[in-house]
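Q: Prediction below, plus the sequence it came from.
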Amino acid sequence: MLNNDVGFNMKYTCYIFLIAFLVPNTFAQSMSELKIATYLEPPFVDLVDNKFVGEDITLVKALAGAVHLEPVFILCPFVRCEALVKTGKADMIISVRKTSIRMKDMIFLKPAIFIQKKPIRFYLNKDSNLKVDSYKDLNGLVIGTVRGSTYYDEFDQDASLVKVQTTNRQQLLGMLAANRIDTFLEREELIIPLMSGGSYINKFKLAMYKYEKSVEGFIAISKYSKIADYGAKLSNELAKILAGKNKEIILNDRKTDY
């Protein structure tokens with residue numbers, strides 16, 4: 001009977017040791033990757049020769065490296081990216097506005113990675129007789145937007161306006177050129193790269209009306225991700241990176257529509 005007890009205790013001890021050895025390793029493996037839901041927004045995030053490049057990519061790689069995680073970029077339209085983070089299927093998303101709805105599912109790292117100061121402009125066909133000199137001139141127009149984008153509260157919450165959603169900005173240009181919409185709104189720094197040297201150059205003009213207000217853009221992580229507990233540490237590291245005297249990233253005077 002004593003021998004059996006000894007044998008049982010030895011097996012039990014080995015079993016406990018095995019669990020103690022394997023569980024931390026399994027957890028470490030699951031925590032080795034930082035899954036980043038990534039939508040294209042040239043020049044800040046772009047895909048060149050199947051590699052992600054741009055200021056946001058440089059920033060998030062530095063941030064992931066600071067906490068010893070390997071960044072894994074998941075390419076998706078913004079709406080899909082947001083859904084992945086909200087459900088914990090992705091850990092992080094870059095360059096989003098802080099809203100009360102998003103705060104239910106996301107942790108916003110501090111500080112903001114940029115303050116966007118450039119105005120939102122409305123685009124018209126160059127030969128169009130339409131005028132958008134004030135907000136009220138938007139009434140009755142068919143206005144192109146990007147699905148999932150937020151622009152400014154007055155516009156976003158105005159159910160009286162006719163809004164047509166597209167999946168990306170390239171579609172906005174095509175629809176305006178084909179007169180399928182009357183106008184669309186966007187920031188110049190995001191539209192100019194799409195027009196330069198392409199078939200849309202010199203086809204559009206800017207309306208007089210524009211919306212100007214500074215907007216902060218953040219990096220957010222999912223509350224349902226394994227890295228949710230990293231929030232404070234990630235914020236600390238982000239602050240260090242943005243305060244770095246020798247950083248090469250310029251993070252002010254840029255955009256976010258999301």
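A: That came through fine. Numbers count the residues shown, from 1 in each chain.
Q: Dig out what R187 forms beta bridges with.
A: When bridges are called by DSSP bridges, R187 pairs up with I120.
Q: and it, how far is that from D49?
A: 27 Å (CB to CB, to the nearest Å). The C-beta positions use only the backbone N, C-alpha and C, and glycine is treated the same way.
Q: neighbour count winner among those two?
A: Between R187 and D49, counted using other CB atoms under 10 Å, R187 has the larger neighbour count: 21 against 5.
Q: Which pLDDT does the model give the more buried one?
A: On pLDDT, R187 comes in at 83.
Q: swap in the one 10 residues further on?
A: Confidence at G197, expressed as pLDDT, is 65.
Q: now F17
A: At F17, pLDDT is 41.
Q: go on, V48?
A: With respect to pLDDT, V48 scores 94.
Q: Equivalent analysis for the one 3 residues further on, please.
A: Each residue has a pLDDT score; the one for K51 is 95.
Q: what's the distance between it and E70?
A: K51 is 15 Å from E70, by CB to CB.
Q: downstream neighbour of the helix or strand of the chain with the lowest mean pLDDT in the secondary structure list?
A: Using mean pLDDT, DSSP states H and E, helix 2-30 stands out as the lowest-scoring helix or strand of the chain, at a mean of 41. Next along the chain after helix 2-30, taking DSSP states H and E as the criterion, comes strand 33-38.
Q: Go through that following strand and flag the buried ones.
A: Residues 34-38 are the ones in strand 33-38 that count as buried (16 or more other CB atoms under 10 Å).
Q: Show residues contacting that strand.
A: 45, 52, 60, 64, 67, 69-76, 80-82, 84-85, 89-94, 225, 227 (CB atoms under 8 Å, 6 or more residues apart in numbering).
Q: Following the chain onward from that strand, which element is next?
A: Next in line after strand 33-38, if elements are assigned by DSSP H and E, sits strand 46-48.
Q: In its sheet, which strands sit next to that following strand, and in what direction?
A: Sheet pairing for strand 46-48, using DSSP bridges, gives strand 51-53 (antiparallel).
Q: how far does the strand it pairs with sit from the chain's center?
A: In terms of CA atoms, centre = their mean, to the nearest Å, the centre of strand 51-53 is found 15 Å from the chain centre.
Q: Can you give me the neighbour number for the residue nearest to A83 when sequence neighbours are not counted?
A: The shortest distance from A83 to any non-neighbouring residue, by CB to CB, 6 or more residues apart in numbering, is to K89 (8.0 Å). Counted with other CB under 10 Å, residues neighbouring K89 total 15.
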